[in-house]
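Colleague: test case, fold it:
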Amino acid sequence: MRDYLDELRSTVRSVVAGHLATDSFPDASLDLELWNSLRELDLIGLGASEQVGGAGGDLIDSCTVLGELLSARVPYAEATVVAAPALSESGLELPQGTFTSASGEVEVVGGRLTGVVASVPFARDCDTLVLLSSGVNPSLLVISLSEVGVSIEDHQNLADEARDTVALVDVAVVAQASVTQEFVETWKLREALSRVVASAGVAAALVDQTASYALERSQFGRPLMKFQVIQHGLASMAADATAMQVAAISAATAVNDGDSNALVMVAAAKAESASLVRRVTTTAQQTHGAIGFTREYSLGALTTRLWAWREEYGNERYWAFKLAEAARGRDLWEFVTGIPVQPGNSTV
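Modeller: Below is the predicted model:
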């Protein structure tokens, strides 16, 4: 039983409330005040064991927090959902200060690191990078971003969130652990899962914001919500957002429990949530009308994040192919339901 999750959601909402975007003007800087508040509550280390300096929570706990962060400018997904459990499994200490994570193929010789890593969230404002080197001999590396030999080039995604390029030239590694290919695959699943969970949270917020606007805004002498076409649009939007949430919960549970079908669950969740982004954001924008496209209004801070996140860590096409590969050669009924098919009753 996880009765405490409702209290956790409530706590996060109260902490984040004053840090959410009130307009669509871009700001790529890390919100250090919010990061420190989350750390003081032991929420940054939620995904790591106490032995490595974490809070002893699990993936379900950290995903619960992530789903409430919405437009907050912190690399919580990378730090807590992806890096923290990886550090815990490798026996490496959780970094102090601000940290983010990324993966890439880099060269490590004698504890010195050389390579280029693209699309690192908030690298420009972080103290430490937790890097998964996913080459022939994969390893987990902890790097100080203030070290000599580190240079950072600023880049942003569609929502103007920092997605920087980090160049490393003969950089000293703070800590290192060899990992398996299975570890690498689980890391990738957590990356994709983090975007599924974050997208589901934003989609739910979009439904609430759009419904509130439809109740407040009047046209031809009555609230927009009284028009049947608006009601149908909102009902469809709410159904899509709910589907995203169910997919996120199912995928998070599978990864957390080490389920053998974790790849299938994450692939299905990422493909489905990414494909639903267009319908959810279209309804939100159409219901709001012209105000939804203005920079002074907060809607764009949510819709652009959904558009950006659907492409990060694999879009719907990428994960649909992964799903197809997993299904190849298997009985489709057993693949979808998990129920073994009796001999002679194959559905293929």
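Colleague: where do the helices of the stretch 1-150 of the chain begin and end?
Modeller: 5-16, 32-40, 59-66, 76, 84-90 (DSSP state H, counting those that start in this stretch).
Colleague: dump those helices to CSV, plus distance to Glu334, mean neighbour count and mean pLDDT.
Modeller: Bear in mind the C-beta positions are built from the backbone N, C-alpha and C, glycine included. Formatted as CSV, those follow (distance: least, Cβ to Cβ, whole Å; neighbours: other Cβ atoms under 10 Å; pLDDT from 0 to 100):
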stretch, distance to Glu334, mean neighbour count, mean pLDDT
helix 5-16, 32, 14, 96
helix 32-40, 42, 17, 97
helix 59-66, 26, 25, 97
helix 76, 37, 28, 98
helix 84-90, 30, 23, 96
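Colleague: okay, and Leu189 sits in which element?
Modeller: helix 181-216 (DSSP states H and E).
Colleague: could you check the angle helix 59-66 makes with that helix?
Modeller: Between helix 181-216 and helix 59-66, the angle comes out at 40 degrees (axes from the mean of the first three to the mean of the last three Cα atoms, to 10 degrees).
Colleague: so which elements touch helix 181-216?
Modeller: helix 59-66, helix 84-90, strand 99-104, strand 222-223, helix 228-256, helix 262-288, helix 299-309 (3 or more Cβ pairs under 8 Å, 6 or more residues apart in numbering; DSSP states H and E).
Colleague: may I see those arranged in JSON lines, with distance to Arg39 as well?
Modeller: Converted to JSON lines, the helices and strands packed on helix 181-216 look like this (distance: least, Cβ to Cβ, whole Å):
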{"stretch": "helix 59-66", "distance to Arg39": "12"}
{"stretch": "helix 84-90", "distance to Arg39": "12"}
{"stretch": "strand 99-104", "distance to Arg39": "11"}
{"stretch": "strand 222-223", "distance to Arg39": "43"}
{"stretch": "helix 228-256", "distance to Arg39": "22"}
{"stretch": "helix 262-288", "distance to Arg39": "28"}
{"stretch": "helix 299-309", "distance to Arg39": "23"}
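Colleague: these: which one's closest to Phe183?
Modeller: helix 84-90 (7.0 Å; Cβ to Cβ).
Colleague: show me what that closest one is packed up against.
Modeller: For helix 84-90, the elements it packs on are helix 59-66, strand 128-133, strand 139-144, helix 181-216, judged by 3+ Cβ pairs under 8 Å, 6+ apart.
Colleague: in the last one, what's buried?
Modeller: Translated: helix 181-216. 183-184, 186-207, 209-211, 213-214 (16 or more other Cβ atoms under 10 Å).
Colleague: cool, stretch 325-337 as well?
Modeller: Those would be Asp331, Phe335, for stretch 325-337 by 16+ other Cβ under 10 Å.
Colleague: alpha carbons only: can I get that stretch in PDB?
Modeller: These are the backbone C-alpha positions of stretch 325-337, laid out as PDB (Å, rounded to 0.1, in the frame of the first residue of the first chain):
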ATOM      1  CA  GLU A 325      10.800  -5.800 -32.300                       C
ATOM      2  CA  ALA A 326       9.700  -7.100 -28.900                       C
ATOM      3  CA  ALA A 327       6.600  -8.700 -30.500                       C
ATOM      4  CA  ARG A 328       8.400 -10.300 -33.400                       C
ATOM      5  CA  GLY A 329       8.000 -14.100 -33.400                       C
ATOM      6  CA  ARG A 330       5.700 -14.100 -30.300                       C
ATOM      7  CA  ASP A 331       2.100 -15.000 -30.100                       C
ATOM      8  CA  LEU A 332       0.200 -11.700 -30.100                       C
ATOM      9  CA  TRP A 333      -2.400 -12.700 -27.500                       C
ATOM     10  CA  GLU A 334       0.300 -13.900 -25.100                       C
ATOM     11  CA  PHE A 335       2.400 -10.800 -25.900                       C
ATOM     12  CA  VAL A 336      -0.400  -8.400 -25.100                       C
ATOM     13  CA  THR A 337      -2.100 -10.100 -22.200                       C
END
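Colleague: who does the helix or strand hosting Ile152 pair up with?
Modeller: If you go by DSSP H and E, Ile152 is part of strand 150-153. Neighbouring strands of strand 150-153 in its sheet, by DSSP bridges, are strand 163-172 (antiparallel).
Colleague: angle of the strand it pairs with against strand 99-104?
Modeller: If you take the same axes, to 10 degrees, strand 163-172 sits at 90 degrees to strand 99-104.
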